[in-house]
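Got a predicted model here, sequence first, then my questions.
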Amino acid sequence: MGHVKIENLTKEYVNRRSVKRQPGDAARPGEIMRVLDNVNLEFQDGEMVCVLGASGCGKSSMLRIIAGFDTPSSGRVLIDGKEVKGPSADHIFVFQHNGLLPWMTVWQNVELGVRHISDEQEKRHMVFEFLDMVELTGFENHYPNQLSGGMQRRAELARALVVNPDMLFMDEPFTGLDYLTQLRIREEVVNIHSYIGKTMIMVTHFIEDAVIMADRIIVMGDRPTKVKAVYEMKFERPRNLETNKELAEIRDDIFLKLGVSYAV
Amino acid sequence: MMRKALKRSFILFPVLSFVVIFLLWDGITRYSDWSHQVFPGPMVVMQSALDLAQDSSLLKHSVASLYRVTVGFYLAVMLGIPLGILLGRMTVAKSLINPLIQFLRPISPLAWIPLAMLWFGIGDQPAIFLIFLASFFPLVVATAVAVESINPMYFQVAANFNFSRIEVITKIVVPAIIPEVVTAIRLTVAIAWLVVVAAEMIAVQSGLGYLIVDARNALRMDNVMVGMITIGLIGLLLDIIMIRVTSVDYLKWAKAKK
Ligand SMILES: Nc1ncnc2c1ncn2[C@@H]1O[C@H](COP(=O)(O)OP(=O)(O)O)[C@@H](O)[C@H]1O
Ligand SMILES: [Mg+2]
């Protein structure tokens, strides 16, 4: 299950920089800097959630806290009513930079999620099924460094999905890919989501991707970061920004909220 | 074309430089007024090398030295790398043991010779102990540094997939540090080879280091030079072997990174 409730979440770091980048920042290294300021959010089970916000506003921090890799300074995160205490194989994280283990082949990486299954036959079958799903059949014995960026991202998706997690966290899964590859992975993620119906929380820089993909869009402000806007996206799929005026209006609205105008 | 030319120069140039040294050496002994006792020429030294090879003492001494290096180095690897992993992984262990290591490390292994002889007597043991010391500290430090520089993301992956402690070591730490540790091993073998000769000059009655001291006492500078040349050749051979070993296929995954 994947119902997420974020209650009064605040995250502070010991500042590392000596330059103030935003009005709310600490001025000197060593001072406490508040990154997330009293964030309250709720995601329903099975939703595709996209988190948007300027670079450095704390999107990754929030995602890491939800995933249990980091702890809140105050407040808490509840998943299905239970407070998150640490990472778990029920919620798999797809990393911003390639998170495949470079010393393992694609096969070995994907197998990590099902390594406890003792039935070899079944295990092989599952790994194959998910490699096939992301169209990586034939690349089992390749090392990550022998794959393109898009293939690495897909291999990581397969590794996450084979676990059959309740939730999938993705930190900028499109960053660093060329435009066509981005579109392919985007399609892949939407297909996977409609197929498995699990909660997915995705941090992204791409506003149009969010408008096309999300059931819920979260727009975050500047540090110390509060939630600026939440959009519930109850639109049919496939969505087309060219033909659907409402979608285009939401897109323009988000651009304005982030301080830029789409039409120049 | 280019590759072939490069490959040829790869063999040609070293040979050329040895030939030049040889001629220079020969010239100096012919035209300087040093006696052959003090500065034997290349021909004399080659003859002495043949003599030493014939009564198999050269082989015996080389084997003795190589044996000590092998044992001492093996012990250093078996103890140093696990300790390095421990130091790299556990902050408590690090703050306990690291100051001690940093303090002992700059003490030359040769400074340990008196104590080594007192503790282990005469024979293989003090020499092996010195080689162990010389290899142990560099290996511990290199391993610990390699472990600390592992991308923390990999440990998050491990946590996400519920790795056990053992799995974190076998599936993350060990494979991640292999490239750095293999390089450290290669450099450390060279250090061990430097030290064995020095140790043998004092603490034992066999080995290439002993051959040199013994020859000096007999005023046989030609045999001293044979010893030096053998040490150089074996050192070169060790390095070539280590380079071969370090470039085998298991590092395939790391290659494209460079
Ligand atoms: N471990 C940390 N220690 C100190 N500061 C951090 C740490 N992690 C993130 N920060 C700071 O918190 C802010 C938000 O970071 P992050 O969550 O990565 O932002 P985003 O993903 O939205 O770009 C940045 O200013 C970053 O420098
Ligand atoms: Mg980020």
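Nice, thanks for sending it over. Numbering: from 1, shown residues only, chains lettered A, B, ... in the order given. Ligands and ions are numbered 1, 2, ... in the order given.

Restrict the lowest-mean-pLDDT helix or strand in chain A to CA atoms and write it as PDB.
Least confident helix or strand of chain A, by mean pLDDT, DSSP states H and E, is helix A:179-196 with a mean of 88. The C-alpha trace of helix A:179-196 is given here as PDB (Å, rounded to 0.1, in the frame of the first residue of the first chain):
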ATOM      1  CA  TYR A 179      15.300  14.600 -25.500                       C
ATOM      2  CA  LEU A 180      14.100  11.500 -27.300                       C
ATOM      3  CA  THR A 181      15.300   9.200 -24.500                       C
ATOM      4  CA  GLN A 182      13.500  11.400 -22.000                       C
ATOM      5  CA  LEU A 183      10.300  10.900 -24.000                       C
ATOM      6  CA  ARG A 184      10.800   7.200 -24.100                       C
ATOM      7  CA  ILE A 185      11.400   6.800 -20.400                       C
ATOM      8  CA  ARG A 186       8.500   9.100 -19.700                       C
ATOM      9  CA  GLU A 187       6.200   6.900 -21.700                       C
ATOM     10  CA  GLU A 188       7.700   3.800 -20.000                       C
ATOM     11  CA  VAL A 189       7.100   5.300 -16.500                       C
ATOM     12  CA  VAL A 190       3.500   6.200 -17.400                       C
ATOM     13  CA  ASN A 191       2.900   2.700 -18.800                       C
ATOM     14  CA  ILE A 192       4.400   1.100 -15.700                       C
ATOM     15  CA  HIS A 193       2.300   3.200 -13.500                       C
ATOM     16  CA  SER A 194      -0.900   2.400 -15.200                       C
ATOM     17  CA  TYR A 195       0.100  -1.300 -15.300                       C
ATOM     18  CA  ILE A 196       1.100  -1.800 -11.600                       C
END
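
Packing partners of that helix?
Where contact means 3 or more Cβ pairs under 8 Å, 6 or more residues apart in numbering or on different chains; DSSP states H and E, helix A:179-196 is packed against helix A:149-161, strand A:199-203, helix A:207-213. No exception for glycine: its C-beta is placed from N, CA and C like everyone else's.

I'd like to know which of those lies nearest to chain B.
Closest to chain B of the helices and strands packed on helix A:179-196, according to Cβ to the nearest Cβ: helix A:149-161, at 8.5 Å.

Residues touching the closest one, excluding its own?
For helix A:149-161, the surrounding residues in contact (Cβ atoms under 8 Å, 6 or more residues apart in numbering or on different chains) are A:92-95, A:98-100, A:106, A:109-110, A:112-113, A:130-131, A:133-136, A:139, A:144, A:147, A:168, A:173, A:176-178, A:181, A:184-185, A:188-189, A:192, A:196.

Now do it against helix A:179-196, angle only.
Counting by axes from the mean of the first three to the mean of the last three Cα atoms, to 10 degrees, helix A:149-161 points 20 degrees away from the direction of helix A:179-196.

what's near enough to touch B:A215?
B:A215 makes contact with B:221-224, B:226-227, according to Cβ under 8 Å, 6+ apart.

who touches whichever strand or helix holds A:E249?
In the assignment (DSSP states H and E), A:E249 maps to helix A:245-257. With Cβ under 8 Å, 6+ apart as the test, helix A:245-257 has contacts from A:52, A:207-208, A:210-212, A:217, A:219, A:228-229, A:231, A:233, A:235, A:239-241, A:261-263.

Show me which of the contacts of helix A:149-161 are buried.
A:92-95, A:98-100, A:106, A:109-110, A:112-113, A:130-131, A:133-134, A:136, A:139, A:144, A:147, A:168, A:173, A:177, A:181, A:184-185, A:188-189, A:192 (16 or more other Cβ atoms under 10 Å in any protein chain shown).

one step back: so which of the contacts of B:A215 comes closest to ligand 1?
Distance ranking of the contacts of B:A215 against ligand 1, using Cβ to the nearest ligand atom, places B:G227 first at 57.2 Å.

circling back to that earlier point, point out the ones among the contacts of helix A:245-257 that are inside strands.
Using DSSP state E, A:52, A:217, A:219, A:228-229, A:231 are the members of these that sit in strands.

ok, now how distant is A:L78 from B:L211?
The gap separating A:L78 from B:L211 is 76 Å, by Cβ to Cβ, to the nearest Å.

Let me know the pLDDT of B:K4.
Reported pLDDT at B:K4 in the predicted model: 67.
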